[in-house]
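>>> pasting the sequence and the predicted coordinates here, then a few questions.
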Amino acid sequence: MKHIRTQILPSKQRFAKIKAPNELNLKAIAIYVATGFFLDSDTFYKDEVCLLPAHDHTLDEEGYLIESKPWFEWYYEPRQLSFDDAVNEYVTLLKTITKEQFGDSKVILPLSGGLDSRSQALIFKELNNDVQAYSYSFKGGFPEHKISEKVAKACGFKFQKFEIPKGYLWDDIEELAQINGCYSEFTHPRQMAILEDLKAMEGEMSLGHWGDVLFDRGVPEGTQESDIIPLLYKKMVKKDGLALAKSLWETWGLDGEFESYLSQRLEQLLSNIKIDNVSAKVRAFKTSQWAHRWTSTNLSIFEEAHNIHLPYYDNRMCEFICTIPEAYLADRRMQLAHLKTNDALSEITWQDQKPFSIKNYRYNKMPYNLPYRVIDKLKREFNGIIGNPYIQRNFELQFLGDANDQKLRSYLFSKPYLEFIPESIVQSFYDKFKNEDVVRYSHSVSMLLTLSLWHKLFYKTN
């Protein structure tokens, strides 16, 4: 017998066999196509499952799952404490976890223009670790690295910047597929472009993933219980992904309607979370599903370079969140309060509120932000006229242009793959991407590309 205890929020997916037909799980794949991640324990095959988070799993000697029992269930029991006390507890916990993870070791710290990595930076500044920080920006996109560099300088860290080049994906796409098992579409992991540079750094990596979800409201203010399914549906399901999933559902001759099946799955998973507070309930759902099956997938790329540590993934952080009043978590209040204790960091631009900082972001509204918005729009239009279009999304680097298109087509229209996904469906969504709306149909094309790599590298016959 083998016993495995999974964390509340696992940093990697672990799989096991079950007694079931060795067949493709087509319904699960349809959901994957629509959303970009698998739900619950679903995988590509019916006889394989992903081990659920916060469970004790028992496997037999052959690796078959015998039993799974939860050792933790999400709850919401807010304590009676002041906001200042809550912030102090949060900072102390974050510092304790970070100190346990690193001790006096060298640290590799990815920095962004947001709050999670900046919060980590402030902790490492106080711990006096030797930190190598880095950041990257899209070629022709917003220079996020300039914000990160200011954060690193304010903390006294070494800093390295990278530019993500056009078409980097094609040289590394099969390596990426092997690393993440094709459990995530390929237009997101920018870190793949600098994997060799990361390997050359010294230390272990500290990643700030999921802090932005734990320390924010789970749903918009005023959301009711009856609003949850429509809200999740809107957040999770891509419009072109839905259209692709429905096409595949009909082609594969699956029973019922895809949308009804997906809604039923969401309702069932939500019913397992015994929390009355709507915001806390949705946060728990996102963490147990979204984080585990999507966010954690590409952590494996960082792990190819170095050992990784995630303070917001720590069990204690998840349990801490369950005891904090929603009003304190809403709108990133606790993280903002922590960062405001350092004048230098709080004066640096907050990317989500650019050009405003943590100190004055509340002015990011009309008429205060009008000059920036006008100037920014004029810059983008001018750059487009002179042949330097503004890059906002990773797919623009990967799929646009003749060279990218040639590589894309070589995977989408490979003959073995077209035995799995009919050529008529591939051609239809490819044409819509090329001729109708590249933004709207980028997800479906990326999913078709991901399935093509999965079929080439992992597909198995009975």
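It's in.

>>> shouldn't D56 be within a strand?
Yes. Using DSSP: H, G, I helix; E, B strand; the rest coil, the assignment for D56 is a strand.

>>> which strand or helix spans the closest residue to R118 other than its chain neighbours?
Excluding the flanking residues, the one nearest R118 by C-beta to C-beta, 6 or more residues apart in numbering is V151, at 5.5 Å. Quick note: C-beta positions are derived from backbone N, CA and C, even for glycine. When secondary structure is defined by DSSP states H and E, V151 falls within helix 144-155.

>>> tell me what that helix is packed against?
Helix 144-155 makes packing contacts with helix 116-127, strand 131-138, strand 158-164, helix 343-346 when contacts are defined by 3 or more C-beta pairs under 8 Å, 6 or more residues apart in numbering; DSSP states H and E.

>>> kindly reformat those as a markdown table containing mean neighbour count, mean pLDDT and distance to D431.
A markdown table is the format used below for the helices and strands packed on helix 144-155 (neighbours: other C-beta atoms under 10 Å; pLDDT from 0 to 100; distance: least, C-beta to C-beta, whole Å):
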| stretch | mean neighbour count | mean pLDDT | distance to D431 |
| --- | --- | --- | --- |
| helix 116-127 | 22 | 97 | 39 |
| strand 131-138 | 22 | 93 | 26 |
| strand 158-164 | 17 | 94 | 28 |
| helix 343-346 | 16 | 97 | 48 |
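
>>> about what we covered before: mind listing what's buried along the helix holding V151?
Within helix 144-155, the residues that qualify as buried by neighbour count (16 or more other C-beta atoms under 10 Å) are E144, H145, I147, S148, E149, K150, V151, A152, A154, C155.

>>> residues making contact with stretch 247-263?
26-27, 29-31, 33-34, 229, 233, 237, 242, 245-246, 421-422, 425, 428 (C-beta atoms under 8 Å, 6 or more residues apart in numbering).

>>> confirm for me that the residue nearest to R118 is in contact with A133.
Yes. Checked against C-beta atoms under 8 Å, the pair V151 and A133 is within contact range at 7.5 Å.

>>> what's the overlap in contacts for those two?
Shared between the contact lists of V151 and A133 (criterion: C-beta under 8 Å, 6+ apart) are residues L111, A121.

>>> coming back round to it: mind giving me TSV with the buried residues of helix 144-155 and columns for distance to P110?
As requested, these are exported to TSV (distance: C-beta to C-beta, whole Å):
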residue	distance to P110
E144	11
H145	11
I147	13
S148	8
E149	13
K150	15
V151	11
A152	11
A154	16
C155	14
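
>>> out of those residues, which is nearest to N404?
When the buried residues of helix 144-155 are compared for distance to N404 (C-beta to C-beta), E144 comes out closest, at 22.3 Å.

>>> surely that closest one touches K150?
No. With the criterion set as C-beta under 8 Å, E144 and K150 do not qualify as a contacting pair; they are 11.1 Å apart.

>>> top helix in this protein by residue count?
helix 83-102 (DSSP state H).

>>> which one of the buried residues of helix 144-155 is nearest H188?
The nearest one, if we look at those relative to H188 and count by C-beta to C-beta, is E144, at 15.2 Å.

>>> ok, now how distant is that closest one from Q13?
28 Å (C-beta to C-beta, to the nearest Å).

>>> next: A121.
To Q13, A121 is 29 Å away according to C-beta to C-beta.

>>> and Q101, by the same measure?
Going from Q101 to Q13 by C-beta to C-beta gives 21 Å.

>>> neighbour count: these two, which is higher?
Residue environment comparison for Q101 versus Q13 gives the larger neighbour count to Q13, 21 against 17, counting by other C-beta atoms under 10 Å.

>>> tell me which helix or strand the more buried one sits in.
Judged by DSSP H and E, Q13 forms part of no helix or strand.

>>> burial count for N22?
Other residues within reach of N22 by the criterion other C-beta under 10 Å amount to 12.

>>> ok, the nearest residue to it once chain neighbours are set aside - contacts?
Computed as C-beta to C-beta, 6+ apart, the closest residue to N22 that is not its neighbour in sequence is D47, at 5.0 Å. When contacts are counted by C-beta under 8 Å, 6+ apart, D47 touches K17, I18, K19, A20, P21, N22, E23.

>>> now, which of the residues you listed lie within strands?
Using DSSP state E, K17 are the members of the contacts of D47 that sit in strands.

>>> let me know the closest of the contacts of D47 to L336.
Here the nearest of the contacts of D47 to L336, counting by C-beta to C-beta, is I18; it sits at 45.0 Å.

>>> OK, contacts around that closest one?
The contact partners of I18, by C-beta under 8 Å, 6+ apart, come to D47, E48, V49, Y64, L65.

>>> over to V445?
Contact partners of V445, counting by C-beta under 8 Å, 6+ apart, are F395, F399, L408, L412, F429, Y430, F433.

>>> is it true that the first one touches H188?
No. Using C-beta under 8 Å, F395 is not in contact with H188, being 9.3 Å away.

>>> between those two, who's got more neighbours?
Regarding F395 and H188, a neighbour count based on other C-beta under 10 Å identifies F395 as having more, with 24 against 18.

>>> residues in contact with that one?
Contacts for F395 (C-beta under 8 Å, 6+ apart) come out as T187, V438, S442, V445, S446.

>>> L232 looks like it's in a helix, true?
Yes. Assessed with three-state DSSP, L232 lies in a helix.

>>> ok, for it, nearest residue in space, not its chain neighbours?
Once chain neighbours are set aside, the closest to L232 by C-beta to C-beta, 6+ apart is L266, at 5.8 Å.

>>> so what's the model's average confidence on the helix or strand hosting that neighbour?
Assigned by DSSP H and E, L266 belongs to helix 258-271. In this model, helix 258-271 carries a mean pLDDT of 96.
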